[in-house]
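**Student:** Here is a sequence with its predicted model. Questions after.
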Amino acid sequence: MSEQNAQRLLKKMRHWLRLDKFHPAIRKAVVGIIGGIFFTAGIVMLVTPGPAIVFIPLGLLLLASEFKWAERWMNRATACMNRWREKWRERKRRRAALAKP
């Protein structure tokens, strides 16, 4: 996902959650608490049963809608995920090429 797509997604999410209508200080506090809860729950779910792979990015996405540090983390995570995906696709291509008679 490119940085523009991430920004567009954050804007849509903010509008969908109707966060645009809150005072900026209240919005930051609400997003910080809810996003922090989701992110922390995801970290806890790394060692306990649960969908950590869903909660960590969701919490990070919520936090990134208001905080620059979280947006930088999200961009790094997205770039890392894209690199892993490309490596995976390249590996699949090589295996498919080797499997052809």
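**Tutor:** Yep, that arrived.
**Student:** in the protein, which spans are helices?
**Tutor:** For the chain, helices defined by DSSP state H occupy the ranges 3-16, 24-45, 52-64, 68-99.
**Student:** Show me which residues of the longest one are buried.
**Tutor:** By neighbour count on 16 or more other CB atoms under 10 Å, the buried set for helix 68-99 is 70-71, 74-75, 78. Backbone N, C-alpha and C define where each C-beta goes, glycine included.
**Student:** follow-up on the earlier one: how about JSON lines for the helices of the chain, with mean pLDDT added?
**Tutor:** Shown next, in JSON lines, are the helices of the chain (pLDDT from 0 to 100):
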{"stretch": "helix 3-16", "mean pLDDT": "72"}
{"stretch": "helix 24-45", "mean pLDDT": "90"}
{"stretch": "helix 52-64", "mean pLDDT": "88"}
{"stretch": "helix 68-99", "mean pLDDT": "89"}
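**Student:** Quick check: the closest residue in space to residue 39 that isn't next to it in sequence vs residue 12, distance?
**Tutor:** Nearest non-adjacent residue to residue 39, counting by CB to CB, 6 or more residues apart in numbering: residue 59, 3.0 Å away. Per CB to CB, to the nearest Å, residue 59 is found 17 Å from residue 12.
**Student:** Of the two, which one has the most company?
**Tutor:** Taking neighbours as other CB atoms under 10 Å, residue 59 and residue 12 compare with residue 59 leading, 21 against 10.
**Student:** How about stretch 7-14, which residues are buried there?
**Tutor:** 10, 14.
**Student:** whoops, stretch 21-29 was the one
**Tutor:** Buried residues in stretch 21-29, defined by neighbour count with 16+ other CB under 10 Å: residue 27.
**Student:** My read is that residue 13 contacts residue 64, right?
**Tutor:** No: counting by CB atoms under 8 Å, residue 13 sits too far from residue 64 to count as a contact (9.4 Å).
**Student:** who are the neighbours in contact with residue 51?
**Tutor:** Residues near residue 51 by CB atoms under 8 Å, 6 or more residues apart in numbering: residue 45.
**Student:** now swap in residue 62 and tell me
**Tutor:** Residue 62 sits in contact with 13, 31, 34-35, 38-39, where contact means CB under 8 Å, 6+ apart.
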